[in-house]
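**Student:** give me the fold of what follows.
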Amino acid sequence: MSLWERTPERRRATAWPSAEPPGAAVAVTAADEGGGLRPGTLHRGVSGVDRGPVPMSAEQFDGLRDPMARVFFRRGRWPMTLEEVLDGLTEAGELPAQSVYLIGEAGQIPPHEAPGLRRDFRFAITRAAPGKDADLLVSSDPGSVFLQVAAWDPEARVFNYYMRISPAWVWTGDSWSALAPESRGKGCFDSHVNGSVVMKELKQPWSNWQSMSATIQLAPDDPLRDNPLYRQVIGAERLELTVKGLVSRWTAARLSTAVTDGRVTHPDRLLRQLFTSTTVNLASTSVQSATVAASGQDLVLPLGFWLNADALLNDLGLPVGAGNAPSAPASLYSDSVATFGFRMEERVSGFARPGDTFFAFMVPEAAYEDNDVVRQAVERGLVPARFAACALMVDFTEPVFSPVRAHLMRYVPTAPVSVSTWCADIAAVVVDAARTLPADSPEAEFARNWAVSEAEWPEVFARRVDAYLEKVAARIRTASGFDDCVRLAESRRRTFKEMRLNEFALTLPTTDIPADAPRLRMHEDGTVGASTSGGSP
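**Tutor:** Below is the predicted model:
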């Protein structure tokens, strides 16, 4: 889970990059632990806005209504450890329902096989009123070296993000800060890119988490065993539901302000989650990679690898006939692991072990938070379902990182537009542009989708999806076809590794595929080819 999922090195390097141009004074970072910070004072330090943490103004301080402000800061209390935060909430009778979760990318590696490996365990802890959604989420390592909080403010309807830098606490922004141009993608918003809480491995088997699918392994003498919080750890399958609910709560709050006087105020901010991958989740099979060969059974690959199934099939309801995700013989998977030199590698410790991640075939897929914005926008009547489907069906075989679909963002206005016609107006502009562009351009593909009538688009698009899944299902049962999919998966992993969400070396496997190998994409006929910059599919 990323409240700020950072290695200690990244926490030092990325706390408050200066808003000034290169050569300006360097801002305060977490490495300057305590330097320039006043005890007993709440500071603000929004990356891209503030040059470093400064005491928060009385006006802003008085406006905070989240649990951290109510229970601690407004009462002059400054908890410096994870235990002090949790105990303080309990003593105040606030948010008594506590759930504790544990994650570690090295958690499934037997300790005796890697005695020098840094385990990087983190607790994710939620606090809630009985029967209510969580209002406080805490991320910390067992020793409280880092301590970070996302707290829901019910009046402002935002998450406030806080970071303890002893001897003080720093407010690093709220959900709106993630969307503001000056702070977007900076500081904690390089992972909370849309202002909400993050759990990258959101679906079963919840890779790297303690869950119903796997137990994190500890050495017999690991001091974590004596930690009272460790004894409270429950399965991440519960956290999935919590995170989805919190993402949807912020989405609803955000969309409730999207229209003013009949006009969508920021159309580009709303539609970028339709046309682009602002972030991703990581999906895998539910089969342990070490058991694939012995099982002899077909390996069912994640449906999100093939298309944005959550948006197209679940949310928009395309009536596809395909009953199952494509699967491949176990032998082809095992052969590919050897052919491409799959290994788990952590260079700092020198750890290296042949093989894939604990659960086989982990890949990026479309993010729940991106899809949730589209789903709620359709439900609220902000975006017609047909328009959303026509956009998602552009390059639909590339559910993440599609430069083809992202190309269409240039037609989305940035100024306020009429909520009653804005999507139809955008479609008209794209269709008009397509008249003078090649038939394989993104504009032409959208125009063909838009030409399908309101009554027919669900069936027409479903037939395309069915035909595509039938083709890939056949191809990945051949050695060459499966190898192509492995290369495609690695291409997408490389793109993910360039994101700030990629914070731990053991999240994904390393392979012998060159780092500078061409980026790849899936075609609708089930073949894999070179990617493009967006000029043509």
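
**Student:** which parts of the stretch 51-200 of the chain are strands?
**Tutor:** Secondary structure of the stretch 51-200 of the chain (DSSP state E, counting those that start in this stretch): strands at 54-55, 97-103, 122-128, 134-140, 147-153, 158-165, 168-174.

**Student:** can you give me the strands in the stretch 401-537 of the chain?
**Tutor:** Residue ranges of the strands in the stretch 401-537 of the chain, as given by DSSP E, counting those that start in this stretch, are 417-418, 520-522, 528-530.

**Student:** show me what the last one is packed up against.
**Tutor:** So that's strand 528-530. The criterion is 3 or more Cβ pairs under 8 Å, 6 or more residues apart in numbering; DSSP states H and E, and the helices and strands that strand 528-530 contacts are helix 479-497, strand 520-522. Heads up, the C-betas are built off the backbone N, CA and C, glycines and all.

**Student:** name the stretch among those that sits most buried.
**Tutor:** Ranked by mean neighbour count, the helices and strands packed on strand 528-530 are led by strand 520-522 with a mean of 22 (mean count of other Cβ atoms under 10 Å).

**Student:** packing partners of it?
**Tutor:** Using 3+ Cβ pairs under 8 Å, 6+ apart as the contact test, the elements touching strand 520-522 are helix 479-497, strand 528-530.

**Student:** and these as CSV, adding distance to residue 230 and mean pLDDT?
**Tutor:** Formatted as CSV, those follow (distance: least, Cβ to Cβ, whole Å; pLDDT from 0 to 100):
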stretch, distance to residue 230, mean pLDDT
helix 479-497, 30, 98
strand 528-530, 44, 96
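
**Student:** wait, which of these is closest to residue 297?
**Tutor:** For residue 297, the closest of the helices and strands packed on strand 520-522 is helix 479-497, at 15.3 Å, according to Cβ to Cβ.

**Student:** measure how far that closest one is from the centre of its chain, please.
**Tutor:** The offset between the C-alpha centroid of helix 479-497 and the centroid of the whole chain comes to 20 Å, using Cα atoms, centre = their mean, to the nearest Å.

**Student:** lowest confidence element among the helices and strands of the chain?
**Tutor:** Ranked by mean pLDDT, DSSP states H and E, the weakest helix or strand in the chain is helix 8-14, scoring a mean of 39.

**Student:** next helix or strand past that helix?
**Tutor:** Scanning forward in sequence from helix 8-14 by DSSP states H and E, the next helix or strand is strand 42-44.

**Student:** output the contacting helices and strands for that following strand.
**Tutor:** In this structure, strand 42-44 packs against strand 54-55, strand 168-174, with contacts taken as 3+ Cβ pairs under 8 Å, 6+ apart.

**Student:** change it to 10 Å
**Tutor:** Helices and strands in packing contact with strand 42-44 are listed as strand 54-55, helix 58-62, strand 158-165, strand 168-174; criterion 3 or more Cβ pairs under 10 Å, 6 or more residues apart in numbering; DSSP states H and E.

**Student:** mind listing the strands it pairs with, and their directions?
**Tutor:** Taking DSSP bridges as the criterion, strand 42-44 forms sheet pairs with strand 54-55 (antiparallel), strand 168-174 (parallel).

**Student:** need the helices and strands packed on strand 528-530 in JSON lines (columns: distance to residue 442).
**Tutor:** Written out in JSON lines, the entries for the helices and strands packed on strand 528-530 read as follows (distance: least, Cβ to Cβ, whole Å):
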{"stretch": "helix 479-497", "distance to residue 442": "19"}
{"stretch": "strand 520-522", "distance to residue 442": "13"}
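
**Student:** can you dump the C-alpha atoms of the host helix or strand of residue 243 in CSV for me?
**Tutor:** Assigned by DSSP H and E, residue 243 belongs to helix 236-255. Presented in CSV, the C-alpha positions along helix 236-255 are these (Å, rounded to 0.1, in the frame of the first residue of the first chain):
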residue,chain,number,x,y,z
ALA,A,236,-5.2,-8.2,2.6
GLU,A,237,-8.4,-9.4,1.1
ARG,A,238,-10.1,-7.1,3.7
LEU,A,239,-7.9,-4.2,2.8
GLU,A,240,-8.9,-4.5,-0.9
LEU,A,241,-12.5,-3.8,0.0
THR,A,242,-11.4,-0.9,2.3
VAL,A,243,-9.2,0.7,-0.4
LYS,A,244,-11.9,0.4,-3.1
GLY,A,245,-14.4,2.1,-0.8
LEU,A,246,-12.0,4.9,0.0
VAL,A,247,-11.1,5.5,-3.6
SER,A,248,-14.8,5.7,-4.5
ARG,A,249,-15.5,8.1,-1.6
TRP,A,250,-12.9,10.6,-2.9
THR,A,251,-14.1,10.0,-6.5
ALA,A,252,-17.6,10.9,-5.4
ALA,A,253,-16.5,14.0,-3.5
ARG,A,254,-14.4,15.1,-6.5
LEU,A,255,-17.1,14.6,-9.1
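
**Student:** one step back: quick check: which of the strands of the stretch 51-200 of the chain is nearest to residue 44?
**Tutor:** Judging the strands of the stretch 51-200 of the chain by Cβ to Cβ, what sits closest to residue 44 is strand 168-174, at 4.7 Å.

**Student:** residue 532 contacts residue 407, correct?
**Tutor:** Yes: with contacts defined as Cβ atoms under 10 Å, residue 532 counts as touching residue 407 at a distance of 9.1 Å.

**Student:** next, show the common contact partners of these two.
**Tutor:** Counting by Cβ atoms under 10 Å, 6 or more residues apart in numbering, the shared contacts of residue 532 and residue 407 are 395, 442.

**Student:** the two: who's more crowded?
**Tutor:** Comparing residue 532 with residue 407 by other Cβ atoms under 10 Å, the one with more neighbours is residue 407, at 23 against 17.

**Student:** nearest residue to residue 295 in space, please, no chain neighbours.
**Tutor:** Using Cβ to Cβ, 6 or more residues apart in numbering and skipping residues adjacent in sequence, the residue nearest residue 295 is residue 330, 5.9 Å away.

**Student:** count the neighbours of that neighbour for me.
**Tutor:** When counting by other Cβ under 10 Å, one arrives at 19 neighbours for residue 330.

**Student:** got it, and the one 10 residues further on?
**Tutor:** Each residue near residue 340 was counted by other Cβ under 10 Å, and the total is 19.

**Student:** same check on the one 10 residues further on?
**Tutor:** Using other Cβ under 10 Å, residue 350 has 10 neighbouring residues.

**Student:** and it, how close does it get to residue 115?
**Tutor:** From residue 350 over to residue 115 the distance is 11 Å, taken as Cβ to Cβ, to the nearest Å.

**Student:** how about residue 411?
**Tutor:** The separation that residue 411 has from residue 115, given Cβ to Cβ, amounts to 56 Å.

**Student:** those two: who's more crowded?
**Tutor:** Looking at residue 411 and residue 115 with other Cβ under 10 Å, you find the greater number of neighbours at residue 411, namely 20 against 9.

**Student:** hang on, isn't that one packed against residue 422?
**Tutor:** No: with contact taken as Cβ under 10 Å, residue 411 and residue 422 are classed as non-touching, separated by 11.4 Å.

**Student:** okay, domains of this structure per the record?
**Tutor:** Listed domain ranges for the chain are 8-241, 258-530 (source: automatic domain parsing).

**Student:** out of those, nearest to residue 251?
**Tutor:** domain 258-530 (4.9 Å).

**Student:** and residue 395, how far is that from residue 524?
**Tutor:** Counting by Cβ to Cβ, the gap from residue 395 to residue 524 is 9 Å.

**Student:** please apply the same query to residue 169.
**Tutor:** Separation of residue 169 from residue 524 (Cβ to Cβ): 52 Å.
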